[in-house]
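Enquirer: Fold the following, please.
(one chain, ligands or ions: 1)
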Amino acid sequence: MEHILIIGGGVGGALAHDLTLRGYRVTLVERGELLSGTTGRHHGLLHSGGRYVFHDAETARECYEENRILRHIASEAIEPNGGLFIALNEEDISHQDRFLEGCNAAGIPTAPLSPRQAMSREPALNPALLAAVGVPDAVMDAWRLAMAFFATARANGAAIRTFCEVTDLKMLGRQVAGVRVIDHRSGLSETIGADLVVNAAGPWSGRIAAMAGIGVPIQPGPGVMVAVRGRVTQAVVNRLHPAGEGDIIVPQRRLSVLGTTAWLADDPDQVTAPAEHVARLFSLCAELVPAVAAMAPHAVWSASRPLLQSSQDQDPFAISRTFDCFDHAARDGIEGLVTLIGGKATTMRAMAEQTADLIGRKTGRDIACHTRETILLPYRRYWRGDMGN
Ligand SMILES: Cc1cc2nc3c(=O)[nH]c(=O)nc-3n(C[C@H](O)[C@H](O)[C@H](O)COP(=O)(O)OP(=O)(O)OC[C@H]3O[C@@H](n4cnc5c(N)ncnc54)[C@H](O)[C@@H]3O)c2cc1C
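Expert: Next up is the predicted model:
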């Protein structure tokens with residue numbers, strides 16, 4: 001079977017899982033620890049799709065479908081606590097019909113609630129709320145969910161090498177034939193040959209493409225998140241309006257994550273968490289749950305969305321959260337290289353399926369995808385057996 005080399009230990013883990021199930025020989029290289037990019041650093045919202053129904057119907061549908069699949073294949077990493085979209089003023093109320101129609105079109109179930117019903121479910125909500133809609137949002141453990149994909153891929157034979165950074169592509173004319181890596185533990189460089197290389201480097205995917213002399217439509221879109229101590233609500237709380245700043249609170253175990261801000265950046269390695277973003281998150285999220293105003297940050301961090309730049313839109317909230325994979329043979333005349341860009345942690349399995357289907361077409365193999373129904377191993381299994389990397 002062909003040897004596929006994946007660059008990037010984020011959604012690359014879901015791809016390693018899919019490809020090993022299809023019988024490919026798989027090696028994945030990650031420059032840091034697994035999940036040290038964006039996939040280990042997000043809110044942990046298992047999207048119902050509700051946040052995308054206003055501008056991004058395709059992502060809304062993708063999210064709801066994957067929400068249902070992940071609950072089935074990775075239940076250990078998911079808390080099925082539900083979500084609420086709440087309207088706090090007349091402008092929010094004016095979005096309600098469009099929200100309900102959008103959810104309906106994407107197949108997302110909704111449960112309109114009166115203010116009294118919403119307050120009895122979540123007593124810490126702003127008592128001035130005018131309306132609420134229940135949706136099947138849930139919370140994922142960002143780390144455990146993704147590690148369950150790595151654990152299963154590894155048990156099925158994938159070689160996973162951490163602290164192993166791609167410094168160049170091995171080019172034979174216009175063919176990518178492998179990668180040049182430096183192992184940061186040993187300090188040694190080596191070349192790893194492969195029949196096909198997948199660029200799954202998320203916000204850094206432009207750098208990998210540049211090694212082949214080509215460009216890809218990646219736009220890093222950082223955002224800041226703040227954790228406060230205690231669960232201010234049990235369900236996820238969103239503001240009922242087109243997604244914007246400071247409009248979501250995600251309870252995570254004994255913390256609540258306030259999210260998020262968004263801007264566009266050139267270099268995902270230079271992303272900070274500006275103090276004014278933290279202040280804005282407290283003030284905006286206190287509109288959802290007033291008690292937040294008196295809380296102190298327990299943790300503050302940022303991460304970069306790997307946005308698929310399909311238009312010249314400069315509003316990071318308006319850029320679609322859908323994904324695409326590119327065959328650079330067809331697109332740029334470079335054989336042996338595929339790039340995967342965009343998506344959400346919620347849609348990582350679907351991203352992997354679409355990429356593995358493309359690899360199947362490129363390698364002339366018609367092998368069905370089985371990741372929809374294959375229950376993932378517990379994340380702890382990653383460390384059982386060979387401790388190598
Ligand atoms: C603020 C914020 C909040 C979010 N909240 C949510 C949420 O609640 N729910 C949700 O579903 N999604 C959420 N997302 C989106 C989601 O986190 C991302 O879409 C997803 O994690 C991106 O995965 P990725 O694998 O493409 O990128 P990454 O996870 O960044 O993976 C790419 C990997 O490539 C590695 N790499 C880079 N260069 C090299 C190299 N040269 N050699 C080897 N390895 C390399 C990096 O170290 C990195 O680990 C959020 C994103 C942000 C920024």
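Enquirer: The ligand versus S320, what's the distance?
Expert: To the ligand, S320 is 12 Å away according to Cβ to the nearest ligand atom, to the nearest Å. Every C-beta, even on glycine, is put in place using the N, C-alpha and C of the backbone.
Enquirer: Now do the same contact list for that residue.
Expert: Listed by Cβ atoms under 8 Å, 6 or more residues apart in numbering, the contact partners of S320 are H55, D56, E58, T59, L307, L308, S310, G342.
Enquirer: Surely it is in a helix?
Expert: No: counting by DSSP: H, G, I helix; E, B strand; the rest coil, S320 is located in no helix; its state is coil.
Enquirer: Bridge partners for the residue lying closest to A329 once chain neighbours are set aside, pull those for me.
Expert: In space, A329 comes closest to E335 once its chain neighbours are excluded; the distance is 4.7 Å by Cβ to Cβ, 6 or more residues apart in numbering. Taking DSSP bridges as the rule, E335 bridges to Q175.
Enquirer: quick one, what contacts E335?
Expert: R174, Q175, V176, H328, A329.
Enquirer: tell me which of the contacts of S320 is nearest to the ligand?
Expert: Checking these against the ligand with Cβ to the nearest ligand atom, the nearest one is G342 at 7.3 Å.
Enquirer: Give me the neighbour count for the closest one.
Expert: Residues lying near G342 (other Cβ atoms under 10 Å) number 26.
Enquirer: Tell me which residue is most central in the chain.
Expert: In the chain, the centroid-proximal residue (Cα atoms, centre = their mean) is A345; its distance is 2.3 Å.
Enquirer: The longest helix seen in the chain - contacts with which helices or strands?
Expert: Assignment by DSSP state H gives helix 57-73 as the longest helix of the chain. Counting contacts by 3 or more Cβ pairs under 8 Å, 6 or more residues apart in numbering; DSSP states H and E, helix 57-73 packs against strand 45-46, helix 96-106, strand 138-140, helix 348-362.
Enquirer: and the nearest residue to V271 once chain neighbours are set aside, bridged to which residues?
Expert: Leaving out its chain neighbours, the residue that sits closest to V271 by Cβ to Cβ, 6+ apart is P222, at 4.3 Å. On the basis of DSSP bridges, P222 is bridged to S304.
Enquirer: before we move on, the earlier item: and the contacts of E335, which are buried?
Expert: V176, H328, A329 (16 or more other Cβ atoms under 10 Å).
Enquirer: If we check the ligand, which of these are in contact?
Expert: Counting by Cβ under 6 Å from any ligand atom, nothing from the buried ones among the contacts of E335 sits close to the ligand.
Enquirer: Which one of these is nearest to Q252?
Expert: Nearest to Q252 among the buried ones among the contacts of E335 is H328, at 37.9 Å by Cβ to Cβ.
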